[in-house]
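>>> Here is the input, now give the coordinates:
(2 chains)
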Amino acid sequence: MKESPPNDTQLISRIKKGDERAFSALVQRYENTVWGFAFKLCRDKEKAEESFQDTFINVFRKIDQFDGRSKFSTWLYTIVANNCLMNRRRRKLEGLLESYDEPPDVEDEKVQKQLTAWNDTPMEKLLQGELKEKLDEAIQKLPDEYKIIFVLRDLEQKTAEETAEITGLSVPAVKSRLRRSRIFLRQQLHAFMNQ
Amino acid sequence: MKQKPLHIHTLSCAEIYTHLCDNLDSKLDSESCRRIKAHIAECKNCTALLDSLKKTVSLYRTYPAPKLPASIKRELFAVLHVEKGKAKRSVRR
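Sure thing, here's the model as predicted:
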């Protein structure tokens, strides 16, 4: 009978004892997760490469600190997110995002224009340059603290609870940041999607 | 400060605004979900907002990440090799 591959706990225990092959196996298991998450956060190949390297180097250096109380993947996501936050830029935009907690006044003519339905966009159009550029431009405007929440919840499809654990925020804070991020991105894309 | 008119329609849209952002694809069948769904079915503003929020998320989900560059792992293990060397030297001291 074929032996089943070691689980994360077994691999980590072997790494702690100095088993280099176990570390390679762990990298192989999570390389696409880390790469995908880093790229979605950075939206830049070079920065994602840097983040990928820093993440695994941090894992290597800090593996003894991993106590197994959370899932290994949660710990890993925290390291990628912290790498990203180290270079965070505080922006005036953050104040603007808080204004998205106010529901729109549907009686207002300007708001009415914002609430028109979007044209149907075939997915193949997504791959065309202009829309891709728009998507990049919009998400780059989001402060990193918000981008991390949007990427974890909506793109990596983590639950609100997991996202809270990864970022060290409360669940209500995750929900409120997610709401602001989604509405902000929608607003950014609205004119383009209505062409 | 001028107060916004709070007639029933506006107030309901305001409630919907908060809830639909929390759970875009909620399939829950609670009383509040049924009320939200009933409102959306009748309200073109909320329908447009919900659809465009879903499309926003879907566009970003479809956006492909490039493939992991092959060189990146080689570079990582080269850096880790140096790290291990450093760790061994510090243990000897």
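>>> dump the residue contacts of the nearest residue to A:Ser51 once chain neighbours are set aside.
Leaving out its chain neighbours, the residue that sits closest to A:Ser51 by C-beta to C-beta, 6 or more residues apart in numbering or on different chains is A:Ala38, at 3.9 Å. No exception for glycine: its C-beta is placed from N, CA and C like everyone else's. A:Ala38 makes contact with A:47-48, A:51-52, A:55, A:80, A:83-84 under the criterion C-beta atoms under 8 Å, 6 or more residues apart in numbering or on different chains.
>>> Let's see that with 6 Å instead.
A:48, A:51-52, A:80 (C-beta atoms under 6 Å, 6 or more residues apart in numbering or on different chains).
>>> Look up how far A:Asp54 lies from it.
Counting by C-beta to C-beta, to the nearest Å, the separation of A:Ala38 from A:Asp54 is 9 Å.
>>> ok, now B:Ile36?
The value you get for B:Ile36 to A:Asp54, if C-beta to C-beta is used, is 43 Å.
>>> A:Gln65 now?
Applying C-beta to C-beta to A:Gln65 and A:Asp54 gives a distance of 16 Å.
>>> domains for chain A, by residue range?
A:8-86, A:93-193 (automatic domain parsing).
>>> Among the ones you listed, show the one with the smallest mean pLDDT.
Looking over the domains of chain A, mean pLDDT reaches its minimum on domain A:93-193, with a mean of 82.
>>> now residue 68, nearest residue through space, not along the chain?
No chain in the question, so chain A it is. In space, A:Gly68 is closest to A:Thr9, 6.3 Å off (C-beta to C-beta, 6+ apart).
>>> try again with chain B
A:Trp35 (4.5 Å).
>>> likewise B:Ala48?
A:Ala117 is the one closest to B:Ala48 (C-beta to C-beta, 6+ apart), at 4.4 Å.
>>> swap in A:Tyr30?
Going by C-beta to C-beta, 6+ apart, A:Tyr30 has A:Leu76 as its nearest residue, at 6.0 Å.
>>> And the one you found, which helix or strand is it part of?
helix A:72-86 (DSSP states H and E).
>>> Figure out the helix or strand that A:Leu41 lives in.
Per DSSP H and E: helix A:20-42 holds A:Leu41.
>>> Output that helix as CSV, nothing but the C-alphas.
Taking Å, rounded to 0.1, in the frame of the first residue of the first chain, the C-alpha atoms of helix A:20-42 are listed here in CSV:
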residue,chain,number,x,y,z
GLU,A,20,16.1,19.6,5.2
ARG,A,21,14.0,17.5,2.9
ALA,A,22,11.0,18.1,5.1
PHE,A,23,11.5,21.8,4.6
SER,A,24,11.7,21.4,0.8
ALA,A,25,8.5,19.3,0.9
LEU,A,26,6.8,22.1,2.9
VAL,A,27,7.9,24.7,0.3
GLN,A,28,6.6,22.5,-2.5
ARG,A,29,3.2,22.1,-0.7
TYR,A,30,2.7,25.8,-0.2
GLU,A,31,4.6,27.5,-3.0
ASN,A,32,1.6,28.2,-5.2
THR,A,33,-0.5,29.4,-2.2
VAL,A,34,2.2,31.9,-1.2
TRP,A,35,2.9,33.0,-4.8
GLY,A,36,-0.7,33.5,-5.6
PHE,A,37,-1.4,35.4,-2.4
ALA,A,38,1.7,37.5,-2.7
PHE,A,39,0.9,38.4,-6.4
LYS,A,40,-2.7,39.3,-5.6
LEU,A,41,-1.5,41.7,-2.9
CYS,A,42,1.4,43.2,-4.7
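>>> how far off helix A:72-86 does it point, in degrees?
50 degrees (axes from the mean of the first three to the mean of the last three C-alpha atoms, to 10 degrees).
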